[in-house]
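Student: give me a model of this one.
(2 chains)
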Amino acid sequence: MTGIAQKLASNQKQVAISEFFEKNKHFLGFDSLARSLITAVKEAVDNALDACEEARILPTIRIQITKVDAQKDIVRMVVEDNGPGIPQKSIEKVFGQLLFGSRFHAIRQSRGQQGIGITGVVMYCQLTTGRTTHVRSKIATEPTAAFVDIGLDTRKNKATKANAGREIWYNEDGSGKEHGTEVTAEMKAKYQKGRQSVWQYLRMTSIVNPHAEIIFIDPDGEKHHWTRVTERLPTKVESIKPHPHGIELGQLQRMIAESNDLNLNHFLLNNFSGVTNRARKELCEAADIPGTRKMKTVKGDDIRHLLEAFQGERLFNGLPVKLLKPPTNCLSPIEELLIKKGLSKTIDSRFVSTLTRVPSVTQGNPFQIEVGLIFGGDMAADKPVEILRFANRVPLMYQQGGCLLTKAIESVDWRQYGLDQAGGRGVPKGPAAVLVHLASTNVQFTSEAKEALADNAEVMEEGRKAMLEMGRGLRKHLEKKKKMAKTKEKFELINDILPAIAKKSAEILERPVPELSGSITKIMSAVISETTTEWNKQTKQTDVEIVLFNYTSRVRAYTILATWPEKSGAKMENNETGGRKEALGVWAWKLESLQPGERKSIAYSLSGLERGDWTETEVLFRGSQDVIGATKMDEKFLQEIRRQEQIMDESGVDSPEDEGEEDEPQNEPEKKEVAEVPAEETVEPAIAPPEGQRTLFGGDV
Amino acid sequence: MSRTRTAEETKTAMHKVVAEMYDRIVKGEPPTMTLPVRTKTNIGFDKKLGVYKYGKKQSVRDATSLGSAKQLLRTLHVVEFIEEMLDAGKSSTLREMYYISEGWGMGKFGSQNDSNNLAEDLEIVTKCLREDFKLRPEEDGARMIGNLTLRERNRRGEWMRINARDDVGDSGYGVPYNVELEKIELLEHDIDFIMAIETGGMFDRLIENGFDEQYRCGLLHLKGQPARSTRRIMKRMSEEWDLPVVVFLDGDPWSFRIFASIAYGAIKTAHISEYLATPSATYLGITADDIVAYELPSDDLSKKDVEALNAELTDPRFADSWWQEQINMMLELGKKAEQQSLAKYGLDFVTETYLPEKLAELGLA
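Tutor: Numbering: from 1, shown residues only, chains lettered A, B, ... in the order given. Below you'll find the predicted structure:
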C-alpha cells in the first residue's frame, strides 16, 4: 500500500471521489456537521504541530471559526501557524494529494495515523460548498509568501489550483511574517459547544502539547488562549524497522516482493528489528529455507513458513526462535512533568499526579502508557470524572465507552483511593479528571473511525497498573492533607493559644507566667515534620526544607526519605545533610538522634527544573514511632521503583551483540545500530506498516 | 434573690476555674476545665427538689485539641471581662459580650451561640447565676394576660403596679428578662390556674374568645422554647400563689421537649432546674390520642421528628409510662398535629369544646 491515490488510480472502475468520500465519510471523520468541523480543525492543527516539531520550532497556532451563513450551516475555518512553511511547488501536493508524505510508511509514533489528512478537508469543502481552500505559506528563505486556491476536480479525481501568486505577509501588528502556513476553508458544518467540540479538541491538544501556544477565536468572537508552558519540544522520534512478531502475511509478501536484498540472510538482518545473527540462522532453519536463497525465489509456501517461524509456530530445536524486543526509543512520551503542566494550565485543581510507565512491547510493537490525574478545585464532585484519552498525542473524543483506555480506568476500584464509584466498577465520580495517553508505533483501533482503542491485554495491564499507582498517589495526597490540617492546628495550639492561656491565667490570678515546655510535650506527644517545597526566584532552583520536631519525652531515631524528580533530570544541590540515594528519585538521610524538644532541618535545592515543575515533596520515614506529616515507608513501593529503575537502566545501556542473548524478561538491551537507521531508509523500500498503522483501507494491495 | 452572690464571692468562684488551668500548666500538663456532662445521659431526678439536675458525670475540657484550647482561652477572656464589669458596676448583654469578643484576638467567639454556651458553662462550674456575672440575655420574654396583679420596678427605680387584664393592651403584659424579687413582686390574683400556650396564634384566639375570663385563668404565651425568665415567672406564680399550671402545645416531638423543660428542667440549664422548673405543670395537649380522638388534620412525621421521638424514649425525663405511651403512639401513627388544626371544627371549637373537655379531665373546668 503506497497510498490511496495509487490505489484509486489502479482501480479500473475509477470510483468518483465524491462517491468514495460519501461511502467512507464515517471513518474519514465527516459523518456529522459537528464532527466535520472538528475533523477539519484537527487535520490542520495536526499538520501544524507536526511541521513545527520536525523543524524544531515552538508552535503558535491560531484558529478562528466564523459563521458565514448560519441558515445553510456554512462555516469558515482559518488556521494559521508559525511552522517552517511549505515551498510553493509543494503546496499543491500537500493539500491536493491523498496521503502525501512519508509518515505513513515509517514505523514510528506519529500523529498522522488518523484521518486522511488535510486533503480530506479540501475535498469536503469542495463537495459541500463548491469552494476552494485558500492556502498561504511562507518559508524563511523567501521574502514573500506564496498563495493559491486548491480544489479538487471531482470528475478527473485531481487537484486543481487557481489564483496562485505571491504577496508580502503582514502580521496583525504590521510586521512581516517570517514563516508559517495559513489555511482558509469554507465548509458545511456546525459549531457546537461541550464535550465534543472544537474547543474541547483544542483544550485536549493543548494538554498533551504543552510546548504549543494555541489561540482559538470561536464564532461568538470569544478568545480562548492556551499558553505555552514549556520551551521543551517533544523529543524527535526515531523510526524503527518492523519486528517479526508484528508482521502479517500480506505485509511479508510485499516486503519480499519489493526486496533488493542479496538473499534471505540479508533480508532478515536488514529489514527487521529484534533479529540477531543467531536468530537469523535459527529462523532460516525453522522455516526450512536456506539463508542463501535469492529473494526472487522465496515465494508461496516459503513465505508462509517464514511467517510461521516468526510467530513461533515453526520451531528451532523444539523451541520457538527467540527474538530481541524491538527498541523503544521510537516512542515519544509527553513525560510526567509536562503532562502535569499541561493539565495544570488547563484545569484548575488542588492536586495533580502524573505517571509515565516504562515502555513495553505487544506483538512486536513498542508502546508506552502515560496517565495523569487532577483532583479538586472547581470540578463537580457529583459527576463522573472527566476522561481525557489520547493516542500518540491526538485527542480521542468519540466512542469513550468502547475504548480500551476507558476500560483501564473502569477496571480500578477507585473507592479505595477516595473517589466515588458505584460497586467499585465503571467510571468513578468525583472532582477529578483522568488522562490516559498511549504512545505506540502501532495504535490499534476498534474501527476505522479511529476513536476508540481496541482491546489488548498488555496495553490494558499497563494502563491498569498506571492507574493503581496514580490512585495510591491520590489517596496519599488526601491523607496527607488531612494530617497536615491537623498538624497545622496543633502548631497553632502550642504556638499561639497555649501561651495566651498561660499569660491570661497568670494575669487574672496575679501570679508569674508559667513555663510551657512540659505542657507542649504532653499536648503534641509526637514527632512532627513540616516540609516546604518552594521555587526560588533568585537561584532559579526549587528549595526544599524538611523540618522535624521531637515533641515527645524520648530520644528518637529515624531514616527520613524524600521523593525528588531525578527521572526528569533534576540535580540535588546544597544538600549539606548528605545522605544517600535510596532508589531512583528517592533520597535518604539518617537521623541518629532527635532529642526531646529538638528541631532538625534537612535542606537542599533542586536544579534543572522550571518553575512549577516540582511543587510537592513526599516525605517518608523508617522508624518505630509515627511522624506526623510524613508517611511510613512502604517497602513494596520502593521495590516497584527499583524494578522500574532496573528496566530503564538496562534499556538505556548499549551492550555488544551477544549470541547468547535471549528474548527473555522484558529488559533485553537492543543493539544500538538497529535503532538508528535513518527514517528514509525504511521509507524508500516502501515497507508497508503493520496492521493498525494503515490509515484508509487497511487491507493489502 | 436569695442566691445572689457578692462581687467578691463571684470572683473567688471564677478564680477557682482559672486556677485549675494555671496549676495544670505549672505541673507540665495541658490546662483543663472540668465541668458536668451536659447531655441527657447525665441528668437525674432530684427527689428533694422534684426536678432533673446534672448527675456526677464530669467531662474534662483539655487543651489537647485546638477547639478545646480556644474554648479555655475564651473562658479566661470572659472571666476577665466579668471582673471588669463587677469592678465598674456595669452589666452587658450576652450579645454585647459577643461583639466585645471581637477584640479578644484568638479568644474571640465564633458565634453568638458560643458565647451563650460559655456563659452557661461558667454558671455551672462556679454555681453562680449569669445575673451574678452581670450578663443579661437577649431572650424574648413571654406575654401574659389575666386577672393577676404584680409590681415591677421600672428604669427609674419606681415600683409600678400592673394588672395583667386591666392595665394592658391586647398584646398583654411583657415579662422582663429579670423576674427576681428585686425587679418583680407578685401581689394578688383572682384566677384558678395558669395556661401556657406555645403559639401566638392560639394565644390570640383564646383572648379574642374571652377564654381567660370565662375560665378564670392566666394565659401565658411561651413563644416556642420558653426563655429562662418565662419559666422562672411560671415557677414563681405556681409556688407563690399555689396555682396549677397547664401547658397547651402543638402535638409533636418538639412540644414534648418544651413541656419537659417547663416541668422537669431543661438539659442545658439542669444546674438551675430548681429555679426554673415547675414540677406541678401538666401537659394538656395536643396529645397523640387527641390526634385520633378529634380526627385532627395532621402531617407525616419527618425523619428528624422520628429521630427526636426515639431520643425521647431514652430521655429520663420521659421515663414514666404516660409519656412512653404517648411517644410510642405518635411513632405508630406517624403523624403530628398543630394546635391550630383544631380550627377544622370552627374558630370556637377550641374554647367551647376541646379545652373544656381537656380541663374537665383535670378537674379544672
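
Student: which stretches of the stretch 101-250 of chain B form strands?
Tutor: Counting by DSSP state E, counting those that start in this stretch, one finds strands in the stretch 101-250 of chain B at the ranges B:135-136, B:143-145, B:148-153, B:159-163, B:173-174, B:184-189, B:193-197, B:217-221, B:245-248.

Student: domain parsing for chain A?
Tutor: Per automatic domain parsing, the structural domains of chain A span A:4-217, A:244-324+A:649-676, A:527-625.

Student: out of these, nearest to B:Lys127?
Tutor: Shortest separation from B:Lys127 across those is recorded for domain A:527-625, at 37.2 Å, computed as C-beta to C-beta. Yep, even glycine has a C-beta here, placed from its N, CA and C like the rest.

Student: export the strands of the stretch 101-250 of chain B as TSV, with columns for mean pLDDT, mean neighbour count and distance to chain A.
Tutor: Output for those, formatted as TSV (pLDDT from 0 to 100; neighbours: other C-beta atoms under 10 Å in any protein chain shown; distance: least, C-beta to the nearest C-beta, whole Å):
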stretch	mean pLDDT	mean neighbour count	distance to chain A
strand B:135-136	84	20	18
strand B:143-145	93	25	41
strand B:148-153	93	18	34
strand B:159-163	94	13	39
strand B:173-174	92	18	38
strand B:184-189	92	16	34
strand B:193-197	95	24	42
strand B:217-221	94	26	42
strand B:245-248	95	23	43
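
Student: make CSV from these and add distance to B:Asp204 to it.
Tutor: Output for those, formatted as CSV (distance: least, C-beta to C-beta, whole Å):
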stretch, distance to B:Asp204
strand B:135-136, 28
strand B:143-145, 10
strand B:148-153, 19
strand B:159-163, 20
strand B:173-174, 15
strand B:184-189, 22
strand B:193-197, 9
strand B:217-221, 9
strand B:245-248, 13
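
Student: check which helix or strand covers the residue of chain B found nearest chain A.
Tutor: As assessed by C-beta to the nearest C-beta, chain A sits closest to B:Gly28 within chain B, at 2.3 Å. B:Gly28 belongs to no helix or strand when elements are defined using DSSP states H and E.

Student: quick one, what contacts it?
Tutor: A:517-519, A:521-522 (C-beta atoms under 8 Å, 6 or more residues apart in numbering or on different chains).

Student: backbone phi and psi for the residue located most distally from the centre of chain A, please?
Tutor: Relative to the mean C-alpha coordinate of chain A, counting by C-alpha atoms, centre = their mean, the farthest residue is A:Glu510 (69.2 Å). A:Glu510 has phi and psi values of phi 50, psi 50 when expressed as degrees, to the nearest 10.

Student: distance of it from B:Glu83?
Tutor: The gap separating A:Glu510 from B:Glu83 is 12 Å, by C-beta to C-beta, to the nearest Å.

Student: same deal with A:Pro384?
Tutor: 60 Å.

Student: so which residues on the stretch 51-200 of chain B come close to chain A?
Tutor: Counting by C-beta under 8 Å from any C-beta of the partner chain, the stretch 51-200 of chain B comes close to chain A at B:63-66, B:69-70, B:72-73, B:76-77, B:79-80, B:83, B:105-107.

Student: from the residues you listed, which would you call buried?
Tutor: For these, a burial check counting by 16 or more other C-beta atoms under 10 Å in any protein chain shown picks out B:63-66, B:69-70, B:72-73, B:76-77, B:79-80, B:83, B:107.

Student: now the residues you listed in JSON lines, please, with extra columns for pLDDT.
Tutor: Listed next are these as JSON lines, based on pLDDT from 0 to 100:
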{"residue": "B:Ala63", "pLDDT": "86"}
{"residue": "B:Thr64", "pLDDT": "86"}
{"residue": "B:Ser65", "pLDDT": "88"}
{"residue": "B:Leu66", "pLDDT": "89"}
{"residue": "B:Ala69", "pLDDT": "92"}
{"residue": "B:Lys70", "pLDDT": "92"}
{"residue": "B:Leu72", "pLDDT": "92"}
{"residue": "B:Leu73", "pLDDT": "93"}
{"residue": "B:Leu76", "pLDDT": "93"}
{"residue": "B:His77", "pLDDT": "93"}
{"residue": "B:Val79", "pLDDT": "94"}
{"residue": "B:Glu80", "pLDDT": "93"}
{"residue": "B:Glu83", "pLDDT": "92"}
{"residue": "B:Gly107", "pLDDT": "85"}
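
Student: sort out for me which of those residues are in helices.
Tutor: Those of those mapping onto helices are B:66, B:69-70, B:72-73, B:76-77, B:79-80, B:83, per DSSP state H.

Student: farthest-separated two in these?
Tutor: Checking those with C-beta to C-beta, the most distant pair is B:Leu66 and B:Glu83, at 26.2 Å.

Student: pull the contacting residues for B:Val168.
Tutor: B:145, B:162.

Student: next one: the residue of chain A at minimum distance from chain B from B:Pro31, what distance?
Tutor: Closest residue of chain A to chain B, C-beta to the nearest C-beta: A:Gly518 (2.3 Å). Distance of A:Gly518 to B:Pro31, given as C-beta to C-beta: 11 Å.
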